[in-house]
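Asker: fold the following and give me the result.
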Amino acid sequence: MYVSDFPRHELIGRDDVILMPHIGASTAEAEENCAIMAAEQLKDFLENGNIRNSVNYPPLFLDRVPGAAAGTRLAISNRNVPGMLGKILSILADQDINVIDMINKSRDQIAYNLIDLATTPSEAAIAAIADTEDVIKVTVL
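Answerer: Alright, predicted model coming up:
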């Protein structure tokens, strides 16, 4: 006898199989854990720009660089087109802003970048990135 709470189509109707609905997430403890997880992930996004379990954006996590100046992380959303990183990094280089660490990931038509900088970027540098074609949003964290 086979018992499962994840029924597959080929198991339906078999006499030697017992299929049950999966209700593990319906307990009070599971709902509380889900709420805590959602709050922690939202806090991490707002403070660090990290993304987990998003429907529209790629999962992306970057540890903070120890010793980096406060407010030197950029979170940049852009259309997933060739040359975007080059344009963004050129703007930073033109302003003598050194990149300490970065990560870029994409999902379908959207790319998302976290970039840690050695110094706080000027408003002009942020504006230049924001005004770059195909950049959707720039946030300083």
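Asker: any weak-confidence spans in the protein?
Answerer: Along the chain, segments meeting pLDDT under 70 span 24-25, 67-71.
Asker: how is it divided into domains?
Answerer: Per automatic domain parsing, the structural domains of the chain span 2-47, 55-140.
Asker: looking at these, which is buried most?
Answerer: domain 55-140 (a mean of 15; mean count of other CB atoms under 10 Å). Quick note: C-beta positions are derived from backbone N, CA and C, even for glycine.
Asker: and that domain, how far apart are its ends?
Answerer: End-to-end distance for domain 55-140: 23 Å, by CA to CA, to the nearest Å.
Asker: quick check: beta-bridge partners of the nearest residue to residue 89 once chain neighbours are set aside?
Answerer: The shortest distance from residue 89 to any non-neighbouring residue, by CB to CB, 6 or more residues apart in numbering, is to residue 99 (6.7 Å). When bridges are called by DSSP bridges, residue 99 pairs up with residue 117.
Asker: show me what contacts residue 99?
Answerer: When contacts are counted by CB atoms under 8 Å, 6 or more residues apart in numbering, residue 99 touches 89, 92, 115-118.
Asker: from residue 122, how far out is residue 94?
Answerer: 11 Å (CB to CB, to the nearest Å).
Asker: that older thread, from the contacts of residue 99, pick the one nearest residue 56.
Answerer: Using CB to CB, residue 115 comes nearest to residue 56 of those, at 20.4 Å.
Asker: would TSV of the contacts of residue 99 with distance to residue 36 be doable?
Answerer: As requested, the contacts of residue 99 are arranged in TSV below (distance: CB to CB, whole Å):
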residue	distance to residue 36
89	37
92	37
115	29
116	28
117	32
118	35
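Asker: tell me how far the residue nearest to residue 89 lies from residue 88.
Answerer: Distance from residue 99 to residue 88, by CB to CB: 10 Å.
Asker: overlap in contacts, those two.
Answerer: residue 115.
Asker: who's the residue nearest the centre of the chain bridged to?
Answerer: Centroid-nearest residue in the chain: residue 51, 2.5 Å away (criterion: CA atoms, centre = their mean). Residue 51 has these beta-bridge partners by DSSP bridges: residue 60.
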